[in-house]
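Colleague: Got a predicted structure plus its sequence, pasted below:
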Amino acid sequence: MKAIQLHYPPEWAHCYGCGYLNPMGLHLQTYWNRERKESRTAFTPSPHHTAIPGFVYGGLLASLVDCHATATAAAAKADAEGLDLEKTPLRFVTASLKVDYLKPTPLGPELVLVGRAREVKGRKVVVEAEVYAGEALTVRGEAVLVQITEGFGG
Ligand SMILES: CCCCCCCC/C=C\CCCCCCCC(=O)SCCNC(=O)CCNC(=O)[C@H](O)C(C)(C)COP(=O)(O)OP(=O)(O)OC[C@H]1O[C@@H](n2cnc3c(N)ncnc32)[C@H](O)[C@@H]1OP(=O)(O)O
């Protein structure tokens, strides 16, 4: 299965969190499970992603939620409309991002993010995401994503 971010055309692939063309980026790769209507990604923070020794910096966790949510929005929209991302790339930007830090996230283990679309309406998708360190749910996020079209931002 191909990661959702790898469907982005090159001009939309420079994002720090998920752009495959950003040499300094996090290169997040999100996968969509059509049966479960759920997205997943995994990321292992490095020692320099420290908040306080032993725990992950919250800004990094927000970045993971952000870019996992944009990809989840693309997959959920494609799923809802029967589109093939290979033929019809979809790209969303973040209009709103809310992050609840439920408990400190340990630095070391791989983190797993799970995402679901709560609403798919026109150009807007509302995504909920959870971050797990092992069995522990440490972060819950919610984002409003808006689909961009060719020439957007110009
Ligand atoms: C990245 C900047 C954009 C440049 C694009 C260049 C070309 C693309 C190239 C490469 C793409 C790579 C992208 C990587 C992305 C990774 C994730 C990020 O880090 S994104 C960076 C941070 N985000 C921004 O900088 C967005 C700044 N904001 C905007 O540009 C606009 O406000 C935008 C597009 C988000 C919405 O503007 P409207 O005029 O297109 O659309 P309206 O009609 O206002 O909203 C559509 C729906 O969304 C809701 N909405 C809009 N803003 C909301 C908000 N803050 N909270 C809740 N809902 C909101 C509205 O209520 C509306 O919903 P209803 O249809 O009425 O149900």
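Modeller: That came in fine, so what should we check first?

Colleague: SS state for His68?
Modeller: Under DSSP: H, G, I helix; E, B strand; the rest coil, the three-state class of His68 is helix.

Colleague: switch to numbering from 26
Modeller: Okay, using 26 as the starting number, the last item reads as His93.

Colleague: quick one: it and the ligand, what's the gap?
Modeller: Counting by C-beta to the nearest ligand atom, to the nearest Å, the gap from His93 to the ligand is 10 Å. Where you see a C-beta, it was placed from the backbone N, CA and C, and this is true even at glycine.

Colleague: Same check on Ala158?
Modeller: In this view, Ala158 and the ligand are 23 Å apart by C-beta to the nearest ligand atom.

Colleague: quick one: pLDDT of that residue?
Modeller: pLDDT, Ala158: 98.

Colleague: ok, now which ones touch it?
Modeller: Contacts for Ala158 were tallied using C-beta atoms under 8 Å, 6 or more residues apart in numbering; they are Thr130, Pro131, Pro134, Leu136.

Colleague: give me the element Gly84 is part of.
Modeller: Using DSSP states H and E, the element containing Gly84 is helix 83-106.

Colleague: so which of the contacts of Ala158 is the most crowded?
Modeller: Within the contacts of Ala158, most neighbours by other C-beta atoms under 10 Å means Thr130, with 26 neighbours.

Colleague: So that one is in contact with Gly159, correct?
Modeller: No. If you go by C-beta atoms under 8 Å, Thr130 and Gly159 don't touch, sitting 10.5 Å apart.

Colleague: before we move on, the earlier item: which of the contacts of Ala158 lies closest to the ligand?
Modeller: Checking the contacts of Ala158 against the ligand with C-beta to the nearest ligand atom, the nearest one is Leu136 at 18.3 Å.

Colleague: Around Lys123, how many other residues sit close by?
Modeller: Burial measure for Lys123: 12 neighbouring residues, criterion other C-beta under 10 Å.

Colleague: which residues of this protein fall in strands?
Modeller: 56-58, 63-68, 116-126, 136-146, 149-158, 161-173 (DSSP state E).
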